[in-house]
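Colleague: Quick one, structure for this:
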Amino acid sequence: MPRIDIRQADITSLAVDAIVNAANTSLLGGGGVDGAIHRAAGPGLLAECRTLNGCPTGEARITAGYRLKARHVIHTVGPVYRDGRQGEPALLASCYRNSLRLAVAHGVRSIAFPAISCGVYAYPIPEAARIAIDTVRDIVAREPAIRQVIFACFGADVLAAFQDAAG
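Modeller: A predicted model of the protein is given here:
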């Protein structure tokens, strides 16, 4: 069974095959983890992202990691939380599924996720953590290529919610 680690960490510093970027639909950088990843990766990441023509909510795209320790960045666009009845849970689960699908297709064995949609997109952290943990557990149980999944939690509140969701 692949290992799932939950830790408080700066995702840009992790030495994994791929890190996941909680991007916006333009893929051209933004605030939060998106801005941090773009700053750490350098201008090559933005240049490559310009060639991708964006990404719809729930889908994912892959680029090189440039100056990051990670070989790849998988960009996924989480849903903006409105009330939980506008398809947000399915879209959020789709972010994790599509990111892992791309990871497997590109030979990624270790991957780190941030708490997708939990910043400016305002997804309630406990709900988002439960969707993330359940979706990833289900996929990695069936996908032997993925050896390690790290949930890189930015703050103590996010860490606690992911630990609670993991049981």
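Colleague: Tell me where the model's unsure across the protein.
Modeller: Along the chain, segments meeting pLDDT under 70 span 1-2.
Colleague: repeat that with 90
Modeller: Under the criterion of pLDDT under 90, the regions of the chain flagged as low confidence span 1-3.
Colleague: what ranges do the helices span in this structure?
Modeller: Taking DSSP state H to define them, one finds helices in the chain at 32-41, 43-50, 88-105, 125-142, 156-166.
Colleague: Only the buried residues of stretch 141-160, if you could.
Modeller: Of the residues in stretch 141-160, those buried by neighbour count under the rule 16 or more other C-beta atoms under 10 Å are 146, 148-154, 158-160. Every C-beta, even on glycine, is put in place using the N, C-alpha and C of the backbone.
Colleague: May I see those organised as a markdown table, with distance to Tyr81 added?
Modeller: As requested, the buried residues of stretch 141-160 are arranged in a markdown table below (distance: C-beta to C-beta, whole Å):
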| residue | distance to Tyr81 |
| --- | --- |
| Ile146 | 27 |
| Gln148 | 28 |
| Val149 | 23 |
| Ile150 | 24 |
| Phe151 | 19 |
| Ala152 | 20 |
| Cys153 | 18 |
| Phe154 | 17 |
| Val158 | 15 |
| Leu159 | 20 |
| Ala160 | 19 |
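Colleague: isn't Leu102 right up against Ala60?
Modeller: Yes: at 5.2 Å, Leu102 and Ala60 qualify as touching, with contact defined as C-beta atoms under 8 Å.
Colleague: Ala166 reaches Ile133, doesn't it?
Modeller: Yes: contact between Ala166 and Ile133 holds when scored by C-beta under 8 Å: they sit 5.1 Å apart.
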